[in-house]
Structure formats: structure tokens, C-alpha cells
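Engineer: sequence first, predicted coordinates after that:
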Amino acid sequence: MPRPQPKTITFTIDGLEVQAPENAMLVDAAKHGDVEIPVFCYEPKLGNPVGACRMCLVEIEGIPKLQTGCSTPVKDGMVVHTQTERVKTAQSSVVEFLLINHPLDCPVCDKGGECPLQDITFGWGRGTSRFIEPKRHFVKPLALSPLIAIDRERCILCYRCVRFSQEVSEDYQLVLLERGAHSYVSTFDGHPYVAPFSGNIVELCPVGALTSRAYRFRARPWDIEDSGSVCTLCPSQCNVRFTVRDERVLRVQARDHDEVDDGWLCDKGRFAYQSIHVDERVTQPLVRDGGELRPVSWERALEEAAAGLRRAAGRVGALAGGDATNEEGHLLARLMREGLGSEHLDTVAGIAPAELHELADPELQATVPDLELAHTVLVLGTEPVRDMAILDLRIRKGVRRHGLKLALATPGVSALDSSARLSLRYAPGHDADFVQALAAALYGGDVEQHARTCQADAGELRALAELLRTGGEEVVILYGQSVLADPAQASTAREALLKVARGLGLAGRPGAGLLAVPAAGANGRGLLEAGFAPGYGPGLQPVSAVSDGTNSDSATQASSTPGAAIQAPTAGETPTAPRALDAHGIGAALAAGELSALYLLNVDPLRSGLPHARWDAALEKASTVIAHAGFLTEGLRAHANVVFPAESYAEKEGTVVHPDGRLQRLRPAIGRPGETRAGWQVIAELARRCGHDLGVLTGAMASQQLFAAVPFYAGLTLEEIGGRGVRWQERPAAQAFPAPPSERAQTRAGAPSSDIAQTRAVQTNPGANGAHPQSHTPPSIWDSPEVEHSPALRFLFRRGLADARGATVPADPETVAAAAAREGRPA
Amino acid sequence: MTEALLFKDIDEPGLSTLDVYKARGGYEQLRRALREMTPEAVLGELEASNLRGRGGAGFQMGKKVSFLPKGTMDKYVVCNADESEPGTFKDRELMQKCPHMLIEGIVIASYAAGASRAFIYIRGEYVLQADILDAALNEAREAGFVGEDILGSGHSLSLVVHRGAGAYICGEETGLLDSLEGKRGNPRLKPPFPANQGLYQGPTLINNVETLCTVPAIIRMGGAEYAELGVQTSTGTKLVSVSGHVQKPGNYEIELGIPSREIIYGLAGGPPEGRSVKCWFPGGSSSPVLTGEDLDIPYDFDSMAKAGTMLGSGAVIVVDDSTPILDVALKVAKFYRHESCGKCTPCREGTNWTMKMLERIDNGEATPMDIEIMASVQEHIIGNCLCVLGDAMAMPIGSMIAKFRDEFEAHIEQARARNGLGAAAASESALAAHGAPLAGVGAQPAGPYPSEAH
Amino acid sequence: MSAGVGGVPRYHGSRVPGWDEPADLSKDPAEVPDPASTAVPEELRAEIEAHMAKYPDRRSATLPALEAAQRVHGWCSPEAIEQVACVMRLTPGYLAAVATFYDMLETDPVAPHKIYICTNISCGLCGADELYAAVRDAADESEFNVRSFECLGACDIAPMASVDGVYVGPLGLDDIPQLLDDVRAGRPVLPDKQLARRLVADPHANSREYELHPAQPGSGPRAARPAADAEQERGA
């Protein structure tokens, strides 16, 4: 769809000649001349202006009546007055009208000090009230949901919250009831307003009518500081502002970024900050002693960990979770490769980097705004509200406002079904078959056969092919990387997906392409690019040598370690390539005793969508498990030998990469609690104790090292990333992106996987009844320790809503049991 | 002397059936328009007739049709039969007694507009009329006057009678559209106007029942001849609903431009014996009131506008000298407060506040200062609202204050006396009872305090 | 001034049920009802589906569907709204917002027979307030839903009432017993006073001779609503 190309025009406002984009609404255009026109109901994020509050009345020469600035597009030569007596009278009378029923209880109102009504009353009100009638009084505040309180006395009926519910999140739960002066915001028959994005209405409310129950009376605006950062609780990586008081995060608000989050947050992003300050958080180093994890000094913990790593002598695997930063991933990869001579490092997704490489080609990369402005979007094998929540709103916006044609192809029902032109279903675990079927429907092949295999409807598949072919040239395919999760099928799925994308001509076409929902968590893309991947170093470069020679001892030891899997020659791979185990291989090798130590960076394999029983056994068998963790989740509580307290996302420094390639910067908003140390610092210290100096003394140095190591980040600085981030594909260095090994990929058909397959072969196969016992299923973003440990969000578990949002995946039974135990009820 | 156009044979038994209507020449104009005329020619006649909308705003119908964009998109015709302006009951009479005339008008208008779907939005209270319309529509469908390829002309129209559920604001054209789309009947921001983006975002022609009923007559007479009726820009005949304090309330078809006195006295018989006209609404309760001195103003759009009021829907409500003006104001304010949709601030709060002030006057808790405030509130409502409902209260209330200020003041004094409150003490005690006005930073007197209040 | 919660007097002219109600946090969010667990009477379902078929957008059938549900349930009860929501695939909240907007949709339980008495201006001038008070006094609340209504569009028979949809007037206080008896007995209500029988006051009004007065040029008081400015049709 054509992107708007604003033309600059000149208009006059209060005697000033001002340049502004043509057709911008007057209230926005006025800002170009430092003129403020007050508004209540106007909020461009909510869609077209409604002109309801009448606060923005201004005088335009040539038009007899006063016009609402929020709905009048500015034209060249327009002459606008905001300071005439007529305008002032109209505006002050609107304030007077609004205050008729407003209680003016500012001293006890949570919004006081950051309240648009307060500000506008001071700025544009008449200073006195002529209304001497009794005001309305109600019981207040009332619960609107477990998260939100409503004070109906204060409501000025600006319609923002109900418009959000009806036109942005489209849940149609929050409505206005009754009519006229009796209108009030409510829900059907006393049901609570519970929806994945409900918290946004608190931020939208221009008065103190809707308040966060988690933030109420925690602070006044003059007590707090705002600190901008990025939420890494899911791959959306929404830009946030932390409200900080006395080194505590008390609130999270959106830091609007059109190209990332469009100014919205999900309720997890808005309320899970509470998990930063709970007692359950690990804030001291722990070491298992006499069967239990006990607090110890850093010295002891580091020494235990280093000793464990040294003992393992290269038989070490490492897993990283999605909220690890690029820097942490990069440094841990260096520790593994250079310090310990191990190439067994992966994210929990366990998808071979070779499968991801070509799909990450900048030529094929779609961006988040493309999801809204494309002609057609195919959502393939992912449920946004479960996997990357904020995209749900983005896609809805495209459908509603731009006529985007949406097609869904998922194993389970989707929240987007009602917005879609086509909703296709296929059998869970048959992603590759489905993509093949789609390729066949587009370019010939046995559609019926493939459709039967994945239990999809062949007719619908043809309709989907038709839509993709004829729906307009800008096609975006939003796919869950989990379609590549089955190692045996990954290459097939990748090839079919690339065939679909390239065949549609998406490569190099602006506004079109692929966008992946990482299976490895929030920073799945960054970890891959930083080199935290089996056999792939920084910048997706295959590792040609295990080490640079500084640690030849460990390297030698590693290669001489007995073990069929590790020793097995890798078929079709270059002979110099290192033996590299992916997540599945690591698990199998641990269970088989071929690896003895495991390093867990912000991840618990038992809470990550990996096969539970298999990993339980693997952890049990490992002699050393070292973890960075914020919470002692079940796998760590049972199996970790050393636990380092991990920083929360509000304490971290570093960078992450958005699934569309935007590098974003985390900045510490608060100090680290207890004895928590920075992740990069712990890894560097550990490396030193293992005899390898990573050469990192500050967080910024870690970033510089990363930028230097990744060819397509070349020349990047933290300053350049700044507060808005930068997409590396848009920088000149992007041409250093290594050419995808397509030819090799064709012939080799899953080289690392064959390695893994052998590893697996040594094991019994308990999953014979399940379709794909090996593969990884990313857990719903709502099923995470942060949600579980945030008091405000605990109701989601109590009510099974986290599962509901998990859509296709039943929650881990142990999690539910744990939650149940906390609530004191049977699971 | 003119023949009746809309009320011809109106009380003929069975006129609501197809047979009788056809026997009286019904659907002949439809046949002529669709078979012998191009849509442009039909539009030309409508434009030549200068017919102004009979719903209230008086916008030229032909112009409205011509505003619809050309093209093949889905276009709609909506008949506004949500007749709820207090005092108005003319459309009811037409729909009940001559439903086929409306259907014929709608089909011809849809032909001119190039619309293939039409809706009649009838207020839910009109149960009898909606049933009659439904029955007539079935007859018309069976006779081939509505449906696919009407009379072999190639023009198709589906027509649905949609019943409202009791909300005055749904008579406002954009509120009606929202209501017809199944939402709360909140008016929309304009632009875009319905001609460009109306029902289901498509170009939409919205006209009142009486306007559409006039269409067959215009085709029969020819636009130019129709324009000969009436005066200047107020052409044709108009149904006037006369009610209130008159001896013969009812609907009268008149030629625009006759003296108002003729309507109130000549046709409706004037107020009961011994009473005189105190004030009257010339165009429904939304129009500013005129007094007994204004009876010689000609009854047409422009003359009423010049007199500071409006012809509106053609509903003449007569109030005789036995009724206190405050009672009239209370009725009007109560109605608009009840019917305000609540979307925009000045209307929602202004109608509410005005009502409270009037009640306070009635209860004897007001001071003359309140009249000033009330007048100022009306001024702040007028022109500042999203739709015209706020103005519809503020204009008549404002006109009552302007024309009957003495009576309001006297009422305040009498009511206070009844409450045992003296003039001087009254204002202070009233204020004390409710709390004094806020004295903000740089406080100024909240309004012009009359000297006797101090 | 009316008694508020806990007997605390409150000072506002208008009490709206619901303003003081918190959400019941033990309930689930009100999403589009699940057809599997929402029983809808077959006739009601068929009627709603027929209404939906008439419009390009199914939501247009909201008012007819709610009206149908009200006929079945007596009022737009939460259950009725859930049934409509289930058939129309809308959230009950959407429908509740609509139902509470319109005067004829009852969102509280009401008696079976509805008597709307117009108390707007024209009827008011002819004694509608006294009529309304008298009907309220005479009618049993369990039998009759007596409401004062805004203009019903029958000012020619003022004061008037709509009795179960049938317009009757002009009504005197002495008509009340007969009116209520007729409703109870299921007879046509006050047959002689039904609007359906009323003739147009003077169909030949237009055949009189008048002198037409063209509008005089010159400026009068402030023009109320310039036609060009008010490009719309008011409800009339």
C-alpha cells in the first residue's frame, strides 16, 4: 500500500507563519509553531478523530463557525486563530462544562500532577465555576478488573477507553452504557474488563478515572523519575518508560515508537515489572551444598562455577534464554569457544542456524510497520497474542484502517480469526507439510497430497494461494520460527517458505517480505547474530576452527573426549567444521553422559518448551549446572549447582535485536538489587578464572566488542542506536551480511541435524506416541516466571487465562500445580 | 388556490393498499421516470423543483442527490422516518395512509442517485405505521415496483423497513446512520458528509419522508411547474403539524409563504376562547419561539430565518397566555437533556446544567443572577456542539430568556417568596446551601451580580 | 436528594443504576458467547438470523434482534443479551451499550403491558402530566409498565398514550379505568380514540385562497440556522 508522502505547506497560526505537513490535523500542525491547542478526546493512535470533547475549537478565517482542530486538516495558506476572545470563550466554556460533574478532588487523586484535565483547566479554564448545583457522588473507586480501578465521578466521557476497546484491541468489552449525561463507562453485567491489552486504557485516560490498581497511591509525579528502556519480556521489544521511585520500578508506560509498538503495551509488559521487586527473586549467588542451594559469596560461587567448568574439560554445553542481551550472548559464546573449547551452545529453540540464515536475508526482511501497510499479510504458524503480543494490535490496525487482507494459517484457533479473510487450520506439528502444500498451491505440485498430510483444506489452500498472488504486491509473511522446530523437517519447511517468498517476488521489494517470530524468545534474533549458535560465530559466520589457539588444551581435551555423538564425523560438512551440538543435541549428550556441564544463561530448560521429561533426565545426569537466573524455577531448584543472580530487564545494560533487525538499547533504570552483578561482568570474570581474558571492563566495552565482531554491525555505536534503535539493514554495513549458503543448504540437507540425529539415536525414544517428541514448542509469553511472580497478574493463572492466551499449547502441568499450590487450592 | 399534492385523497378508504393507490394513479410516475427518463433527467427535475428538505434543515434535495459521487460503488438511499421532533406528526400521517407514495418516491430517488439499496428508518414507537409500510412493501415487491430490474428498466433496489427503538438523536442523519449500522445512535463528525461517506462508508442520500413523498408529484408536474408553488426559495407545499393550545390540532397541507396567522387561526382555529397566543414554535421545539406579535410573518424558510427562528420540520406548537413560560422552558430542557446522546461536552453538560437551573428557579432557590448564567450557558452551547441537538435546546431556551426575561424574574421572586426566602437573603442562603462558587487564582466575580443581591 | 448506598444521602438529580456497581471479579470476561454453552430458543435464533440476512453488515440487525429478544424474555435481560450475542457473534458488551441507549429497550425487568404516556410539550400543554400521574396511580405496577415518554408524534390527539403500541387519545382522566380494563381483557383499547381511525384535520386546507407574502429583503435578527451551514435533515 502506498506509504503517505507528506508535503510541507505553510499556514498561519496566531500570526506566525508555520510549516507543517499537509493534511496534518490542526492540533498537530500547531505544534510546529509551538502553539498548543488543548485536547481530551483526540488521540491519533485511536483512529480517526471523533470531535467529541470540543476542547480544541479554533477559529479559521473564512469559516463562520469555530472548528475542531483535532479534525481539521491543515491546508496551505490557512489562517488560524487560537487566542481570540471567541476561541478563548469557547474553550473556557468547555472546561467549565467538563468540570460540572468533575469532583475536583485533585489532592487525593492519583492523576494529580500529570493530569491533562488539571493542566488544561489551569491553562484554558476560567478559574472560577458558576456551577452551584450539587455534583454527582458515587462510590469510588470501583474495581473494573483485577488490574484497573474506575472512578466514575472523575470521568469526563472522552470516549478514549471505549474506543480503545472497540477500535484498537477490538475486544468490545468496555463500553458506554446509558445515554447523555447518564452515560458511564462499564462492561456487560458486571463482568470484569480482562483482555490482553486492557492496561492501555489507564494510560489513555486524560483524568483520574481509570487508574492502575498496582500503581495507585504509590507515588506522586514529583516523587518519580522516568527512565526509558526496552521491554524484553517478549519478542515485541516494546519501548517502555519505567516509572522509578527510590530505586524501585513502580509503573511501566509506553514510550511510543511507531516502528516497534505503535504506542501500546500488553498487560504483561505493563504489569510484570512487579516481578522485579518480589521476595522470590534471586539476589545472591547460590551454591548447592548438601543438596540445597544456599547463599554464598560471589567469590565462592564463581570459584565453584569455574571449577565445574574446568572439570568438565570442554564437555560443556550452554543454553541461553530469550531475554539475554546480545552482549551476554556474545561473551558467553566467547567463553565457550575460546575459553572452554566447546561449540555446544544454542538457544532453547534448537533450530539450526543454517535454517535461519537465508530467512534472515535483509532482502527478504519485512518490518513491523509493513504488517500494517502491506496489501496482504499471512500469519503462519504463530498466534501473535501468545507469541509476540503487540503485533496483534498492529495487524488489526492494518485490517481496520488500511484494508489489509489478512490470512491465517495456524494449527489452533486465533484471536485474529474474526479479522481474517481466510483462516486455515492444519494439524499441529505439520508446519513443514503445510508450507509445502502452500508452495504446491502456488507453483504447482500435488496440493491434495500435501493437504491431506497436514489435514488442511485443499480448496482453502488454493484460495490462500490466489489471495497471495493477486491481493497486491506487498505481501508480508509473519511466521513463527517454530515452523522450523522439528529438526527432521526444518530444511523442508525453510526451502518451501523461501520458495513461497521468492516466488511471490518478495525479495528486495519494499514493504514486503518475511518477519519471524523468534522461537528462542525475546532476543532470539540478537543471540543468533551475536554468535550464540552452534557452529556459527558472530554475524552468522560458520566457525571454521574451534578455538583461536589460546586454549588449545581444552580444545584438545574436547576433541579427545569419548562419545559417539561428538566424535561422529559430520556428513556433508566441511572437514574442518567443529562438532557443534544444538539444544536437542546438548540435552541428549547430557543424558548420555557425553557432556557433563551445562551453562544456563537466563533459561530453565524445564520452563522453555523443551521436552520436559527428557530434559529433566538430562539435568539430573549433568554433574555441573551453572545458571544465571532471576527466579528459581523448577529445573534450577532441582538441578542447578551454582546460581548467579541475574539482572532484571530494568537493571540491564546492553543491546537486543528486534525480529525485524532493529538494534535497541537497554538502559539501567534502577540499581541492581542485593548482590546482583551485571551478566557481562560475571561471564567475563568466569572466563578469567577459566584462564581466558575476554577483555571487557565495562558494559559499553562489551557492546563495542560485539559491534566489531559482527560484520554487518560495523561502525555501530551505542549513540547511534540511541533511544529509538536502528535497523542494521538500513545501514551501509548491511552489505556485509554473509551470502546465504543456499547451494550448500540444498545439498547438505541438515548437516548439523544428522549429527544430532545420531546423538538421539543412542537414546531410547519415549515419544513414539507423540508426533515430534524432539521439537521445541515456545511457551506462551503469558506463561513465564515474570507473570507468575507479579502479584497483579497472578489472577491470570488463577483463572486459567494464561492458558487461554497460550491458545494451542497447554500450560506446563507443574507450573499450574505450582501456581495452585501458592493459591492454596488443588491443581 | 392549489390542489393538494400529498394529501390528495388522503382519507380515501384503502389508500394504503396497492390497488387503491394504483387506481389513483399511483406508480405511474415511477413507470415514467424509470422507463422514459434517464437518471440525469430525473435529477434535473428534482433540481429544477428547488424542493427543500422537509425534515428540518431545509437543504435542497436535488443538490443533495447531485453531491453523490458517480461510479459503481455501493450507494444507499435512506429515508429518515424517525419523526421525533416534538410537535411533528406529518410523516406519521403519510406513512399510515399513503405508504406507497413513499415507496414510489424512494424508488425514483434511488434511480436518480444510482443506489441499489434503500432503508426506511422508522421510529420504533410507530408500530402501526411500520406494519403498514411492511405490508405495502410486500405488495410493491410482488408487483415488481421494488426488487430486481424494476419494470424492465434495469434499475434494481432492495428496500428494508428498519425500526428504531426510541432515541430522538437517531433523527439526526449521522446518528441515524450509526443506529442503522447497529450501533448507539451517536452523531458522527462532519465532514465527511453522508453523500460521500455515509451508511457502511458508502455514498448515501438521506431524506425525510415528506421530501421523498413529494418526488412523484415533482415528476408528474415537472420540476419547473412545482417550483411555481410557494415563494422564492421556499417552493411547493408543506405539511404543517399544528398542536398545543389550538382548537383544531392536526396536519394541514399549505403552500409555503402564507401568513402564519392563517395557519394558527385560520386553519387550526386558534387558542381556546378567551385566550391569546403567548408564544409559538414555528418549526418544532428546536426552533426559537415567536410571540403573538409575530403572527403575520409569512410561513416560509427564509422569512422564518429572518425572524431569527426556523421553519424546521413545520411543526407549529402554540402556547396560550395561561401557561407560564418556565413550564415551557422546563419541558423543552427536560426533553433535550433526556435525548442528548452524551457524545460531545457542551450538549451533554449544557442541557443537564440548564435543566438544573430551571428546576432551581421553579423551586425558589434561584436568584436573578441565574438567568444571566443560564443565558450565557445557552450562548456557550450554540455553535460549539458536534451536532445540532445542543443548539436545538439552547436556541429556544435562549429565545425564551430574551423574550420573557421579565416573567422569569418574576417567577424567581414568586417562587422564593413561596419558599419564605426574602429577596436579599435569598441569594446568600442559596449559595450557602450549595457552597460558594470556587474562588480560584485571580478570581473574578462569576457573573454580573444584580445589585439587589448584595 | 435521594438515599444513597448505606442510607447516606446523596445529592444529585439523576440516579443511574450501574454507576455504583463494581465489576464482579469472580466472573470471566464477557467475550463472544460460546455457541456450545449458550442455549438460544430456536424461534429467536431463526428470527435474528433472518434479520441479519437483510443487511450488508450483520450488526445492522442489532436493534431488531434485541427487540425480538425482548419480546421473548420480557426485557433485555443479561440472558437475553447473551443469546443475541451468541447468534450475532458479537460481545454482550456491545449489545448492552446499544440496549441502554434506546428508550424502548428495557434493561430492567418490567410488567407485561406497556403504557407510554407522552409528557412532552404539546401533550403537556393539554394536561399530560396530570394524566400520567393518574395512570400511575390507577395501574398496578405488576401488570402495567407505565412510563412518561418523550414526544410520540401524535400531538394532534394530545394528551395521548401508546398502549402496547396502539396510539389512543385525546385521553381524559375518566378514560383511564376503561383503558386499563380493555388491556386486561385483551380487547382493543378505547376503539373510538385510536389514532388509526382519525381523519386528517382538513385535507383541503390548501384549497383556500391566501395572499402569499414573499420574504422581505433586509436583515432580521440573527439567522437561526443558515441552510448551507446545517447541511442535514433533522429528525422531524
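Structural biologist: Received, thanks. Residues are numbered from 1 along each chain as shown, chains lettered A, B, ... in the order given.

Engineer: please enumerate the strands of the stretch 101-250 of chain B.
Structural biologist: Per DSSP state E, counting those that start in this stretch, the stretch 101-250 of chain B carries strands over the ranges B:117-122, B:158-163, B:204-208, B:230-231, B:234-235, B:237-244, B:250-255.

Engineer: now mean neighbour count, mean pLDDT and distance to chain C too, for the ones you listed, in JSON lines please.
Structural biologist: Bear in mind the C-beta positions are built from the backbone N, C-alpha and C, glycine included. As requested, those are exported to JSON lines (neighbours: other Cβ atoms under 10 Å in any protein chain shown; pLDDT from 0 to 100; distance: least, Cβ to the nearest Cβ, whole Å):
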{"stretch": "strand B:117-122", "mean neighbour count": "24", "mean pLDDT": "98", "distance to chain C": "7"}
{"stretch": "strand B:158-163", "mean neighbour count": "21", "mean pLDDT": "98", "distance to chain C": "5"}
{"stretch": "strand B:204-208", "mean neighbour count": "28", "mean pLDDT": "97", "distance to chain C": "5"}
{"stretch": "strand B:230-231", "mean neighbour count": "22", "mean pLDDT": "90", "distance to chain C": "5"}
{"stretch": "strand B:234-235", "mean neighbour count": "25", "mean pLDDT": "93", "distance to chain C": "8"}
{"stretch": "strand B:237-244", "mean neighbour count": "28", "mean pLDDT": "96", "distance to chain C": "3"}
{"stretch": "strand B:250-255", "mean neighbour count": "26", "mean pLDDT": "95", "distance to chain C": "3"}
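
Engineer: how about the ones you listed in TSV, adding distance to chain A?
Structural biologist: Supplementary listing: the strands of the stretch 101-250 of chain B in TSV, determined by distance: least, Cβ to the nearest Cβ, whole Å:
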stretch	distance to chain A
strand B:117-122	18
strand B:158-163	18
strand B:204-208	18
strand B:230-231	26
strand B:234-235	23
strand B:237-244	25
strand B:250-255	30
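
Engineer: for those strands, which one sits closest to residue B:421?
Structural biologist: strand B:237-244 (33.3 Å; Cβ to Cβ).

Engineer: can you tell which of the strands of the stretch 101-250 of chain B is closest to residue B:332?
Structural biologist: Between residue B:332 and the strands of the stretch 101-250 of chain B, the shortest gap by Cβ to Cβ is with strand B:237-244, which sits at 12.6 Å.

Engineer: quick check: the closest residue to residue A:593 other than its chain neighbours vs residue A:401, distance?
Structural biologist: Nearest-residue entry for residue A:593: residue A:621, 6.2 Å, with adjacent residues in sequence omitted and distances by Cβ to Cβ, 6 or more residues apart in numbering or on different chains. In this view, residue A:621 and residue A:401 are 54 Å apart by Cβ to Cβ, to the nearest Å.

Engineer: same check on residue B:392?
Structural biologist: Shown here: residue B:392 relative to residue A:401, a distance of 33 Å by Cβ to Cβ.

Engineer: neighbour count winner among these two?
Structural biologist: Taking residue B:392 and residue A:401 together and counting by other Cβ atoms under 10 Å in any protein chain shown, residue B:392 has the greater number of neighbours (33 against 13).

Engineer: indicate whether whatever helix or strand that one lives in makes contact with chain C.
Structural biologist: Residue B:392 is located in helix B:389-403, with elements delineated by DSSP states H and E. Yes. Counting by Cβ under 8 Å from any Cβ of the partner chain, contacts between helix B:389-403 and chain C involve B:391, B:392, B:395.

Engineer: quick one: contacts for the most centrally placed residue in chain C?
Structural biologist: Nearest to the centroid of the C-alpha atoms of chain C, with distances taken as Cα atoms, centre = their mean, sits residue C:104, at 3.0 Å. With contacts taken as Cβ atoms under 8 Å, 6 or more residues apart in numbering or on different chains, residue C:104 has the following neighbours: B:124, B:125, B:165, B:166, C:67.

Engineer: residue A:595 too?
Structural biologist: With contact taken as Cβ under 8 Å, 6+ apart, residue A:595 is in contact with A:312, A:315, A:316, A:317, A:344, A:581, A:586, A:589, A:622.

Engineer: out of these, name the ones that lie in strands.
Structural biologist: Restricting the contacts of residue A:595 to those inside strands, with DSSP state E as the criterion, leaves A:316, A:317.

Engineer: relative to residue B:48, which of the contacts of residue A:595 is nearest.
Structural biologist: Distance from residue B:48 was checked for each of these by Cβ to Cβ. The minimum falls on residue A:586, at 86.7 Å.

Engineer: the closest one contacts residue A:316, doesn't it?
Structural biologist: No. Look at residue A:586 against residue A:316 with Cβ atoms under 8 Å: they stay out of range, at 9.3 Å.

Engineer: sorry, back to before: include pLDDT when you put the residues of helix B:389-403 next to chain C into TSV, please.
Structural biologist: Below are the residues of helix B:389-403 next to chain C laid out as TSV (pLDDT from 0 to 100):
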residue	pLDDT
B:391	96
B:392	96
B:395	97
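
Engineer: and of the residues you listed, the nearest to chain A?
Structural biologist: Proximity to chain A was ranked across the residues of helix B:389-403 next to chain C by Cβ to the nearest Cβ; first place goes to residue B:391, at 10.6 Å.
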